[in-house]
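Trainee: sharing a model that was predicted from the sequence below.
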Amino acid sequence: MNQVHRCAWAGSDPLMQHYHDTEWGVPVRDPRMLWETLMLEGFQAGLSWEIILRKREAFREAFAGFDPQAVAAFGAQDVERLMGNAGIVRARAKIEATIRGAQIFLEMQARGEDFADYCWSFTNGRQLQGTGNATQTELSALISKDMKRRGFKFVGPTIVHAWMQAVGMVDDHTAACFRRPQMSA
């Protein structure tokens, strides 16, 4: 029997393996999906990605499918509703950061800035090849600084790098991982 070699972080959990095998590192060009993933990475701060992945559908339900227009309109009652939702990570600062993130997304859109174009502009529209072992880079620090300047929260260099990996801006599959050659094909 041939054993599939994956990045070590995927472990033996079927959910994590499926995420690794089908989503992680695949270039995302949809602005809404890029924003959703950035917000989820912010919720992951201090936690494991497995926790967020297991709660992802509950997050989507709680945050109106991560529709920026709907989330941007959330007010104090929505924050309290979300704080009572055991299906998500109930961290007030992260919930408020997601609402503000939706507002920033829409402000960018109103100025004619496409969030996907903004994100991919840092890599000149192409997927970068990583080493498979970085937790942050000079580029993730640069993007983090720019996002913070725009008002985003929970976008430190480590979170931004994890997001870049997740949305395929950087291919950080390890050299032995079966996905590495598929990503550069």
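Mentor: Nice, I can see it.

Trainee: buried stuff in the longest helix seen in the chain?
Mentor: Longest helix of the chain, by residue count under DSSP state H: helix 92-110. Residues of helix 92-110 classed as buried: 94-95, 97-106, 108 (neighbour count, 16 or more other CB atoms under 10 Å). For every residue, glycine as well, the C-beta is placed using N, CA and C.

Trainee: got the phi and psi for the nearest residue to Phe154 once chain neighbours are set aside?
Mentor: Closest residue to Phe154 apart from its sequence neighbours, by CB to CB, 6 or more residues apart in numbering: Gly42 at 3.2 Å. The phi and psi values for Gly42, taken as degrees, to the nearest 10, are phi -60, psi -40.

Trainee: mind checking how far Gly42 is from Glu36?
Mentor: 11 Å (CB to CB, to the nearest Å).

Trainee: can you give me the offset of the helix or strand bottoming out on mean pLDDT in the chain from its chain's centre?
Mentor: Ranked by mean pLDDT, DSSP states H and E, the weakest helix or strand in the chain is helix 179-183, scoring a mean of 86. Helix 179-183 sits 20 Å away from the centroid of its parent chain (CA atoms, centre = their mean, to the nearest Å).

Trainee: with just CA atoms, put it into CSV.
Mentor: What follows is helix 179-183, C-alpha atoms only, in CSV (Å, rounded to 0.1, in the frame of the first residue of the first chain):
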residue,chain,number,x,y,z
ARG,A,179,0.7,18.3,-2.9
ARG,A,180,3.9,20.2,-3.6
PRO,A,181,4.3,19.1,-7.2
GLN,A,182,0.6,19.4,-7.8
MET,A,183,0.6,23.0,-6.7
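
Trainee: for that helix, buried residues please.
Mentor: Neighbour counts using 16+ other CB under 10 Å place 179-180, 183 of helix 179-183 among the buried residues.

Trainee: name the helices or strands packed onto that helix?
Mentor: The criterion is 3 or more CB pairs under 8 Å, 6 or more residues apart in numbering; DSSP states H and E, and there are no helices or strands that helix 179-183 contacts.

Trainee: Gly84 - nearest residue in space that isn't next to it in sequence?
Mentor: Spatial nearest neighbour of Gly84, excluding adjacent residues (CB to CB, 6+ apart): Arg90 at 7.5 Å.

Trainee: kindly report the same for Phe105.
Mentor: Using CB to CB, 6+ apart, the closest residue to Phe105 is Pro68 (4.4 Å).

Trainee: go on, Glu41?
Mentor: Trp163 is the one closest to Glu41 (CB to CB, 6+ apart), at 4.4 Å.
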